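**Q** Sequence plus predicted model, see below.
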Amino acid sequence: MKSLDQVEARVIVKSANTPGDSANTFIISAPGSYYLIGNVTGDSGKHGISIQANDVTLDLNGFAIISGGGGAFRGINVVGAQKNFSIRNGTVRDWTDGGVRSDVGIGVLVEKLRLSDNTGATGLSMGDGLARDCVANGNATGFVLGNGAQIKDCTATGNGTGFSSSDRTHLNNCISTVNTGIGFNCANFVTLIDCTSSRNSGNGIVVLGSCTVTHCNATKNIPSGYGILAAAGCIIADCNAGNNGLDGINVDSGSTVRNCLADANLSRGIVANNGACLITGNHSDGNGANGILVQGSSSGDRNRVEGNSCTLNGATGLVINGLHNLVIGNSASGNFAAYGIPAGNAPGPIVDMTAGGTISSTSPWANFSY
């Protein structure tokens, strides 16, 4: 025969086991495994559940933690830098200072939460750790990640900002859509892989310096959004940035844009600013202004623009503003004009094939107009 503790070796969250105080409906003050047996509606003017110990697992067991009203309070509030805890499997909704707040938690695991209508702040705010398989809807910000955190397989829809991440975070296979602000708003040294940011009212993906954005889709962020907006030293590779209100992809100095599609953006397809960028293997089609624009700098650009295709753009297909740029192996067709490359740069021969015929140039560096 087994004792009851052996059959269910967890603690029910209720007033007898986890009594609250003047600020919290319930308090978890000791390590262990805790669970709900029904929906929890917080007391008016209090946080819902406060975690005040390390080594805690809280299983919502499919139930909801619902605001009881009052001022700025949180559904689940992790006090201070608590370590090694997990929260899973339920709904946290209608709080005004955040659904789940673990701003400086350490070693966090959050999974399978629905974070809904926490209108005053974030759905989930976490320190370092992992969040996965969560959905955030109707919050001021869907997800806020601390330094070194990872989030995967999560969706943010109908929030103000979808995802906001600090330095050294990793976002994998996440979707941000129909938010009123930015889809992904990221700091330095961040990696985004296989993410989609679409139909947000602000920018699709924003990253600061030394970030990597690969295999991402940043499309139809209108009326006034960039698809991907990146600061210096970033890699943007194998991405689709189309139908955005501003540029498809806009990067700063020392960045690489490789094998991307920028199509039908209302402004430019791809823009590189302030020099030392590598723009290679991209296709820029049907944008309202230039297909590819390399902006000048006072010291000279020294960009390498190679093997790109610019078609059917509303202004010049490929424009170089500045000096000391290498421009080779590109092609342009059906644009308002093909190329704008001033003296002081190093372009391959521009071969005009608009009238058809056989290519006669033997230069392996030739740029083509057709």
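**A** Great, that's in hand.
**Q** number of nearby residues for residue 21?
**A** 11 (other Cβ atoms under 10 Å). All C-beta spots, glycine's among them, are computed from the backbone N, C-alpha and C.
**Q** in which helix or strand would I find it?
**A** Assignment of secondary structure by DSSP states H and E places residue 21 within no helix or strand.
**Q** How about the secondary structure of the closest residue to it other than its chain neighbours?
**A** The spatially closest residue to residue 21, leaving aside those adjacent along the chain, is residue 27, at 6.5 Å (Cβ to Cβ, 6 or more residues apart in numbering). Put simply, residue 27 is strand when judged by DSSP: H, G, I helix; E, B strand; the rest coil.
**Q** got a pLDDT number for residue 298?
**A** You'll see residue 298 listed with a pLDDT of 65.
**Q** Same check on residue 6?
**A** So residue 6 comes in at 55 (pLDDT).
**Q** sorry, back to before: so the residue nearest to residue 21 touches residue 15, yeah?
**A** No: the criterion here is Cβ atoms under 8 Å, and residue 27 misses it with residue 15 at 10.3 Å.
**Q** And those two? Which one has more around it.
**A** Counted by other Cβ under 10 Å, residue 27 and residue 15 do not tie: residue 27 has more neighbours, with 20 against 9.
**Q** Centre of the chain to stretch 193-207, how far?
**A** Once both centres are worked out by Cα atoms, centre = their mean, to the nearest Å, stretch 193-207 turns out to sit 6 Å from its chain's centre.
**Q** What mean pLDDT does that stretch get?
**A** Stretch 193-207 comes out at a mean pLDDT of 98.
**Q** What of stretch 160-178?
**A** On average, stretch 160-178 scores 98.
**Q** Could you do stretch 131-140 as well?
**A** 98.
**Q** ends of it, how far apart?
**A** End-to-end distance of stretch 131-140 (Cα to Cα, to the nearest Å): 18 Å.
**Q** again, but for stretch 232-252
**A** First-to-last residue span, stretch 232-252, Cα to Cα: 5 Å.
**Q** buried residues in it?
**A** 232-237, 239-252 (16 or more other Cβ atoms under 10 Å).
**Q** what does stretch 29-45 give?
**A** Buried residues in stretch 29-45, defined by neighbour count with 16+ other Cβ under 10 Å: 34-36, 40, 42-43.
**Q** Quick check: end-to-end length of that stretch?
**A** By Cα to Cα, the extent of stretch 29-45 from end to end equals 20 Å.
**Q** Also stretch 121-140?
**A** First-to-last residue span, stretch 121-140, Cα to Cα: 5 Å.
**Q** and the next element down the chain from the helix or strand of the chain with the lowest mean pLDDT?
**A** When the helices and strands of the chain are scored by mean pLDDT, DSSP states H and E, helix 4-7 comes last with a mean of 56. Going down the chain from helix 4-7, the next helix or strand is strand 11-12, by DSSP H and E.
**Q** quick one: the closest residue in space to residue 145 that isn't next to it in sequence and residue 187, what's the gap?
**A** In this structure, residue 145 finds its nearest non-sequential neighbour in residue 165, 4.2 Å apart by Cβ to Cβ, 6+ apart. As for residue 165, its distance to residue 187 is 6 Å (criterion: Cβ to Cβ, to the nearest Å).
**Q** out of these two, which sits in the more crowded spot?
**A** When residue 165 and residue 187 are compared on other Cβ under 10 Å, the one with more neighbours turns out to be residue 165, at 25 against 19.
**Q** Could you give the bridge partners of the more buried one?
**A** For residue 165, the beta-bridge partners are residue 145, residue 186 (DSSP bridges).
**Q** and it, what does it touch?
**A** Residue 165 makes contact with 143-145, 149, 151, 171, 184-187, 190, according to Cβ atoms under 8 Å, 6 or more residues apart in numbering.
**Q** what would the residues you listed look like in a markdown table with distance to residue 301?
**A** Shown next, in a markdown table, are the contacts of residue 165 (distance: Cβ to Cβ, whole Å):
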| residue | distance to residue 301 |
| --- | --- |
| 143 | 37 |
| 144 | 37 |
| 145 | 35 |
| 149 | 36 |
| 151 | 36 |
| 171 | 31 |
| 184 | 28 |
| 185 | 28 |
| 186 | 26 |
| 187 | 27 |
| 190 | 26 |
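**Q** Closest to residue 355 out of those residues?
**A** Closest approach between these and residue 355, by Cβ to Cβ: residue 184, at 45.6 Å.
**Q** Give me the contacts around stretch 75-88.
**A** 24, 42, 47-60, 65-67, 92-93, 95, 98-113, 118, 127.
**Q** Span of that stretch from start to end?
**A** Distance across stretch 75-88, first residue to last, is 13 Å (Cα to Cα).
**Q** same deal with stretch 170-189?
**A** Start-to-end, stretch 170-189 (Cα to Cα) is 9 Å.
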